Structure formats: structure tokens, C-alpha cells
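# Please find the sequence and the predicted model below.
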Amino acid sequence: MFELFVLGELMTGEKHGYMLQDVLSNSVGLGRKISSGTLYPLLARLVEGGWIQLRTEEETKGGRTRKIYEITEAGRERFLELMKKPLESVGEAETELIFRFKMVYFQYVPKDVRIDCLKQYLQLVERNVKFVSDFESYLAEQKPEPARQRVQLLRVLELRKRLGEVEVRWVQEELKRVQEQEDEWPE
């Protein structure tokens with residue numbers, strides 16, 4: 001997941017490690033951060049794999065060396081490969097984060113890749129809404145004890161179902177929008 005993010009960010013232009021860490025930390029949401037211990041070994045692997053290149057330059061204040069990362073042609077191919085990779089239901093929050101990362105970088109992939117991603121995510125969200133609805137029906141029918149807990153659980157499921165329904169509608173609208181637009185992806 002973070003490989004996709006790093007390659008996607010470098011599709012926008014070169015960046016130094018601190019900037020990548022800052023953007024990623026702000027992208028994953030409140031309460032989640034990416035540590036230097038996760039990011040810098042990933043960057044080293046991407047350099048070693050030939051997907052990004054590293055250059056160093058002297059920083060003016062403090063005289064420290066700053067590492068600048070840039071995507072290579074092999075990295076662009078790897079990025080496209082990751083964008084084409086089907087979304088998997090690895091966990092609701094992780095899948096949603098991967099989908100968001102992919103959407104941020106849609107302008108760097110062809111229209112058919114965007115459409116496939118949206119369709120895959122739509123199927124996952126619809127499946128989740130069905131699961132929640134089915135579980136909600138089961139609880140309403142079986143009425144497990146304690147009643148107070150069941151009632152509160154039903155409220156939580158109602159929230160999840162409504163949020164899911166809103167997400168389904170949004171993805172359907174986005175899919176329609178992408179299908180109707182010209183493919184502006186640079187070959």
C-alpha cells in the first residue's frame with residue numbers, strides 16, 4: 001500500500017523523504033502515522049529495485065545532506081501495475097485507504113484502469129452493505145440477549161448501513177462521471 005503511495009507521489013515530481021513522510025502521514029488520516037522506520041526502508045527497497053532513484057544535495061541550513069527521490073521509467077511501469085492490481089478485501093479500513101490512494105493518482109492512469117478500480121470498490125462496498133443488512137435482519141429476528149446491547153448494536157449497524165449506502169451512491173456517480181469523460185491520460 002505504501003509502495004503505491006510513494007510511487008504515486010513521485011509521479012507528481014521529485015520529493016525528499018521528509019516531504020513524503022509528511023504527505024503520507026496527512027493522507028492516512030487522524031491517528032495513523034507512518035514512521036521513519038517504515039518509510040526509509042521502503043524507499044531503500046524501491047531504489048534497490050530500480051523503481052526510484054536517489055540523489056543527494058546539500059541543504060543550506062545546518063549543512064545536512066538532503067535525499068531527493070525521483071521515479072524511474074521502471075517505477076512508472078510498477079506504479080501502473082499497482083494501480084491495475086485488483087482491490088482485495090484485506091480489511092475494510094485498509095481497502096478503503098488503498099482505494100483512496102488509487103483515486104488520488106487517477107490522473108496518471110488510463111480511463112479503463114480508473115473504471116475497473118471504481119467497479120471493484122463498488123462491489124466491495126455493496127457486499128459490505130449487504131453483510132451489514134443481513135446481520136441486522138438476523139439480530140432483529142433472533143433477538144439475542146441482553147436486549148439493551150442488541151438495541152445498541154442495531155443502532156451501530158444502522159449507521160454502518162447508511163454510511164455504506166451513501167458510499168455506494170457516491171461511487172456509482174463517480175463511475176458514471178469517469179465513464180462519460182474523455183480519456184485525458186498522457187500515453
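Arrived safely. Small disclaimer: the values here were computed from a predicted structure and weren't measured. Numbers count the residues shown, from 1 in each chain.

# List the contacts of the helix or strand bottoming out on mean pLDDT in the chain.
Of all the helices and strands that make up the chain, helix 17-27 has the lowest average by mean pLDDT, DSSP states H and E, namely a mean of 81. Residues outside helix 17-27 that contact it (C-beta atoms under 8 Å, 6 or more residues apart in numbering) are 2, 5-6, 9, 15, 32-34, 36, 39-40, 43, 67, 69, 100-101, 104. C-beta here means a position set from N, CA and C on the backbone, and glycine is covered the same way.

# which parts of it are buried?
17, 20-21, 23-24, 27 (16 or more other C-beta atoms under 10 Å).

# So which of those residues is the closest to Lys111?
Nearest to Lys111 out of those is Ser27 (C-beta to C-beta; 23.8 Å).

# other SSEs contacting the helix or strand following the least confident helix or strand of the chain?
On the C-terminal side of helix 17-27, the closest following helix or strand by DSSP states H and E is helix 36-48. Secondary-structure packing of helix 36-48 (3 or more C-beta pairs under 8 Å, 6 or more residues apart in numbering; DSSP states H and E): helix 2-11, helix 17-27, strand 52-58, strand 65-71.

# ok, 7 Å please
Under the contact definition 3 or more C-beta pairs under 7 Å, 6 or more residues apart in numbering; DSSP states H and E, helix 36-48 sits against helix 2-11, helix 17-27, strand 52-58.

# Please identify the buried residues of it?
Those buried within helix 36-48 under the rule 16+ other C-beta under 10 Å are 39, 42-43, 46-47.

# any idea which residue sits dead centre in the protein?
When the chain is reduced to its mean C-alpha position, the nearest residue by C-alpha atoms, centre = their mean turns out to be Ile98, at 2.3 Å.

# which SSE is it in?
Since the elements are taken from DSSP H and E, Ile98 ends up inside helix 92-104.

# Just want the angle from the next helix or strand after that helix to helix 92-104.
Sequence-wise, the next helix or strand downstream of helix 92-104 (DSSP H and E) is helix 111-142. Interaxial angle, helix 111-142 versus helix 92-104 (axes from the mean of the first three to the mean of the last three C-alpha atoms, to 10 degrees): 150 degrees.

# quick one: average pLDDT of helix 111-142?
The average pLDDT within helix 111-142 is 92.

# Show me which positions of the helix ranked longest in the chain end up buried.
The residue-count maximum for a helix in the chain (DSSP state H) belongs to helix 147-180. By 16+ other C-beta under 10 Å, the buried positions in helix 147-180 come out as 157, 160-161, 164, 167-168, 171, 174-175, 178.
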